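Trainee: Structure for the following, please:
(one chain, ligands or ions: 1)
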Amino acid sequence: MKATAKANVNIALIKYWGKRDEELILPTNNSLSLTLDGLYTTTTVQFKEELTEDVFTLDGEKVTGVAFKRVTEFLNIIRKEAGKESLYAEINSKNDVPTAAGFASSASGFAALAAAASKAIGLNLSDEELSRITRRGSGSACRSIYGGFAEWQMGEKDDGSDSYAVPIAPRDHWDLRIAAVILTDKQKSVSSRDGMKRTVDSSAFFQGWVESNPADLEGIKEGIKARDFHKVGEIAEANCLKMHATTLAAKPPFTYWTDSTMKVMQEVQKMRADGIPAYFTIDAGPNVKLLYLPEYEETILERLKEISDVTEVILSRAGEGITYL
Ligand code: PMV
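Mentor: Residues are numbered from 1 along each chain as shown. Now for the predicted structure:
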């Protein structure tokens, strides 16, 4: 009745942005990500007959309120699946993702929780089944089941049974690197959940975003297969810009960018003009992630250090999927 699992964060190269079902967390487009190395959550779940409710501890502190509710509601799905609806658990999580890094730690968090809880309660799930359940905690988390490149297939069915991630290429297929550029000025950000909803409900650009996604996805899959850095980078950067454009056309409009975000984006464009291959991607926050190849790491770091708004740069590479400890 006890299991421990570790899951890494992932970074989307083709973004998940929009739900067609809020309750089941079903997306309006496929997305594709790279699971990173060394940015992870470790979670132990122990089900106990004597408990009358779940107890959730994160980094040594008991969690209550909205964060607790999300965890316990997610465990209800696992309990139901196992036919053990009145069995509660102690959940202990440790985040080894720098909080300021602007990585959705919900991805590593829900992937580790789903894996540990399903194993502890005795469900023997395939990767596909685990990904499908993980999706219900946080959409992007369903891609963290796999190492390397993974694609979340949106599916078509109303019940979500065909909406889960599949592996595209293992971590050792290609040594693509990611640098997370941490910026000084924090703005109060719209949560990805609220941002997506506002975009779907009101953005004049939402239809264009959805319609242009399949071509991006096909192109990037070809690029990954051929290890074509420019092809992958160009598509990832353009896909990110399109996602962020939808927020500007929402009612009321919003953006995750700050002036520091823009400075880094412009620096990346300058790097390219100077013959340094680098591309950017941005999620639901101001920080920027750079895509680069190992031989340019030093040069890119030097250029980033010249920007005064940059407080820290976290370097990562392709990582592994779920592991059980
Ligand atoms: O799974 P969520 O609700 O944290 O949404 C993540 C959305 C983005 O990070 C912006 C894009 C993505 O595909 O990860």
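
Trainee: Now Thr199. Nearest residue, chain neighbours left out?
Mentor: Thr246 (4.8 Å; CB to CB, 6 or more residues apart in numbering). For the C-beta atoms, the positions are set from N, CA and C on the backbone; glycine is no exception.

Trainee: Let me know the next secondary structure element after whichever helix or strand Glu128 is part of.
Mentor: Using DSSP states H and E, Glu128 falls within helix 127-134. Next along the chain after helix 127-134, taking DSSP H and E as the criterion, comes strand 149-153.

Trainee: now check that following strand, is it near the ligand?
Mentor: No: using CB under 6 Å from any ligand atom, we find that strand 149-153 stays clear of the ligand, coming within 7.8 Å at best.

Trainee: So the next helix or strand after that strand, near the ligand or not?
Mentor: Next along the chain after strand 149-153, taking DSSP H and E as the criterion, comes strand 164-169. No: Strand 164-169 stays out of contact with the ligand when judged by CB under 6 Å from any ligand atom, the minimum separation being 10.9 Å.

Trainee: oh, and call the first residue 37 from now on, that's how I've got it
Mentor: I'll keep to 37 as the first residue from here, and by that count the last item is strand 200-205.

Trainee: what mean pLDDT does strand 200-205 have?
Mentor: Mean pLDDT, strand 200-205: 98.

Trainee: following that strand, which helix or strand comes up?
Mentor: strand 213-219.

Trainee: Okay, now the sheet partners of that next one, with direction.
Mentor: strand 324-328 (antiparallel), strand 346-353 (antiparallel) (DSSP bridges).

Trainee: deepest of these, which one?
Mentor: Comparing these by mean neighbour count (mean count of other CB atoms under 10 Å), strand 324-328 comes out on top with a mean of 25.

Trainee: that older thread, which of the strands paired with strand 213-219 sits closest to Gly145?
Mentor: With CB to CB as the criterion, Gly145 lies closest to strand 346-353 of these, at 17.3 Å.

Trainee: what's the model's confidence in that closest one, averaged?
Mentor: 95.

Trainee: do stretch 219-231 as well
Mentor: The model assigns stretch 219-231 a mean pLDDT of 83.

Trainee: go on, stretch 313-324?
Mentor: Mean pLDDT, stretch 313-324: 96.

Trainee: how much space between the residue nearest to Val226 when sequence neighbours are not counted and the ligand?
Mentor: The shortest distance from Val226 to any non-neighbouring residue, by CB to CB, 6+ apart, is to Phe290 (5.4 Å). For Phe290, the distance to the ligand (CB to the nearest ligand atom, to the nearest Å) stands at 13 Å.

Trainee: can you check Ala262 too?
Mentor: Ala262 is 23 Å from the ligand, by CB to the nearest ligand atom.
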